[in-house]
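**Student:** have a look; sequence and predicted model below, questions after that.
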Amino acid sequence: MRRVGIILDAENISDIVDLSHNAEAAGFDSVWATELYRTSFQQLSVAALSTKNIRLGTAVSLAFARSPLITSLSALDLDELSKGRLILGLGSGAKRTNENFHGLAYGKPVTRIKECIELIRLITGDTKKHDPIKFEGEYYNVNLSGYHRPFKSYRESIPIFLGGVGGNMIRAAAEVADGYLGHVVCSLRYIKEVVNKSLKEGFERTGREGRRFQKASIITCAISKKKSDAKEAAKRTIAFYATVRTYRPPFLLHGFERETQKIRDAYFSGDMDSMFRSVTDEMVNTFAVVGNTDEVLKKIDAYKQYIDLPILSAPHYFLDFEEVREYQNKIFDSFGV
């Protein structure tokens, strides 16, 4: 068994039960729940009840859309429900998502996420202590005097992974988190040249040791004997992320600025066919792992030279769930025990 995780991507809740059960039966390290069309904590609650040993990660929970207290309570409950299997993956989310979807001021995301994580650690660290929690920062001013959670935490601490694409956010992961969670568009080259360099800078800046720090990254994975089908499926997911300015750095590193602009123009004009056609084969080879089982296994092994945990995601944007499920099943068959 190769140590990998998998993203849960399901049309309905009952499918989450099946996917989680299958991932554990196949010997996967972890299952991860994204947060856009469903909430990550609720998805993993279902996964926790249908499994026994596999780790459960949020990939990622939107840190600014909830208060640190609500995030802490959700994490504590889920960690208890799963008997200590939670990895709390947090992310700032894109500027557009925060402002347009949630009506939140984005501000300075790195400063804000550091304050948020510090507060979550204070709240989840020892819920039996009666020392009042007071915090004054640029974004959070919290006074929990008189608030005492009467339940014992399942663990003394819950591991926190910080997701990020830009160098400043990646450095913040090294400074304040227990692990780093790379985005789908963090190519192998981007991980080698930007992510690992930025993490090293973060460790050096704070004097933290990185020995126990874990590096993970989500990777779009499309396995098929017919490589052309796998490429077309992956193109749709890449096209979606190319429309988001927050994820521009990896595209720029690889010189895809012209292609990215064409994708954005097509998307905002509603021309989806042109949007998908604007994703080149070179972009697929850069940002996704596609091919038959042997090809994909070899490519993922290359990632494992630079990260501890590849988290595989079937292509899913602009595809029907039957097709998504087929790609997920091929991941289970190829990487399972």
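**Tutor:** Thanks, I have it. Worth saying up front: this structure is predicted, and the values here are computed from it rather than measured.
**Student:** residues contacting the residue nearest to Val60 when sequence neighbours are not counted?
**Tutor:** In this structure, Val60 finds its nearest non-sequential neighbour in Gly91, 3.5 Å apart by CB to CB, 6 or more residues apart in numbering. C-beta here means a position set from N, CA and C on the backbone, and glycine is covered the same way. Counting by CB atoms under 8 Å, 6 or more residues apart in numbering, Gly91 touches Val60, Ser61, Leu62, Ala63, Ile113, Leu162, Gly163, Gly164, Leu181.
**Student:** where in this structure is pLDDT low?
**Tutor:** 1, 126-130 (pLDDT under 70).
**Student:** may I ask you to name the longest strand in it?
**Tutor:** strand 214-223 (DSSP state E).
**Student:** distance between that strand and the chain's centre?
**Tutor:** Chain-centre distance of strand 214-223: 9 Å, with CA atoms, centre = their mean, to the nearest Å.
**Student:** Glu204: which element?
**Tutor:** Per DSSP states H and E, Glu204 falls inside helix 196-206.
**Student:** which strands and helices lie in contact with that helix?
**Tutor:** helix 167-176 (3 or more CB pairs under 8 Å, 6 or more residues apart in numbering; DSSP states H and E).
**Student:** any chance you could list what contacts the helix it packs on?
**Tutor:** 92, 109-110, 113-114, 117-118, 161-164, 179-181, 194-195, 198-203, 205-206, 208, 210, 213, 249.
**Student:** can you say which of these are buried?
**Tutor:** Buried by 16 or more other CB atoms under 10 Å: 92, 109-110, 113-114, 117, 161-164, 179-181, 194-195, 198-199, 202-203, 213, 249, out of the contacts of helix 167-176.
**Student:** so which of those sit within helices?
**Tutor:** Here DSSP state H is the test, and the buried ones among the contacts of helix 167-176 give Pro109, Val110, Ile113, Lys114, Ile117, Ser198, Leu199, Gly202, Phe203, Pro249 as lying in helices.
**Student:** ok, those vs Asp265, which is closest?
**Tutor:** Nearest to Asp265 among these: Pro249, at 19.8 Å, using CB to CB.
**Student:** what separation do you get for the closest one and Gly164?
**Tutor:** Separation of Pro249 from Gly164 (CB to CB, to the nearest Å) stands at 10 Å.
**Student:** now Lys330
**Tutor:** 29 Å.
**Student:** please apply the same query to Leu69.
**Tutor:** Relative to Gly164, and taking CB to CB, Leu69 is found at 23 Å.
**Student:** over to Lys227?
**Tutor:** Distance from Lys227 to Gly164, by CB to CB: 31 Å.
**Student:** pull the residues that contact the strand or helix carrying Arg96.
**Tutor:** Here Arg96 is covered by helix 95-96, with elements defined by DSSP H and E. With CB under 8 Å, 6+ apart as the test, helix 95-96 has contacts from Tyr106, Pro109, Val244, Arg245, Thr246.
**Student:** again, only this time at 7 Å
**Tutor:** Tyr106, Val244, Thr246 (CB atoms under 7 Å, 6 or more residues apart in numbering).
**Student:** which one of those has the most neighbours?
**Tutor:** In terms of neighbours by other CB atoms under 10 Å, those top out with Thr246 at 20 neighbours.
**Student:** measure how buried the closest residue in space to it that isn't next to it in sequence is and give me the count.
**Tutor:** The spatially closest residue to Thr246, leaving aside those adjacent along the chain, is Ala94, at 4.1 Å (CB to CB, 6+ apart). Look at Ala94: counted by other CB under 10 Å, it has 19 neighbours.
**Student:** close enough to count as contact, Ala94 and Val244?
**Tutor:** Yes - judged on CB atoms under 7 Å, Ala94 makes contact with Val244 at a distance of 5.3 Å.
**Student:** show me the contacts for the residue nearest the centre of the chain.
**Tutor:** By CA atoms, centre = their mean, the chain has its centre lying nearest to Ala59, at 3.1 Å. By CB under 7 Å, 6+ apart, the residues touching Ala59 are Ile7, Trp32, Ala33, Thr34, Gly89, Leu181, Ile218, Ile311.
**Student:** look up the closest residue to it, ignoring the ones flanking it.
**Tutor:** Using CB to CB, 6+ apart, the closest residue to Ala59 is Trp32 (3.9 Å).
**Student:** give the contact list for the one you found.
**Tutor:** Gly5, Ile7, Leu8, Gly57, Ala59, Ile311.
**Student:** which positions within stretch 287-295 qualify as buried?
**Tutor:** Phe287, Ala288, Val289, Val290, Gly291.
**Student:** what's opposite the last one in the beta bridge?
**Tutor:** Applying DSSP bridges to Gly291 gives these bridge partners: Ile223.
**Student:** quick check: it touching Asp229?
**Tutor:** No - the pair Gly291 / Asp229 is not scored as a contact, 11.0 Å apart, by CB under 7 Å.
**Student:** and Arg289, which of the three is it?
**Tutor:** Let me fix one detail, which is that residue 289 is Val and not Arg. strand (DSSP: H, G, I helix; E, B strand; the rest coil).
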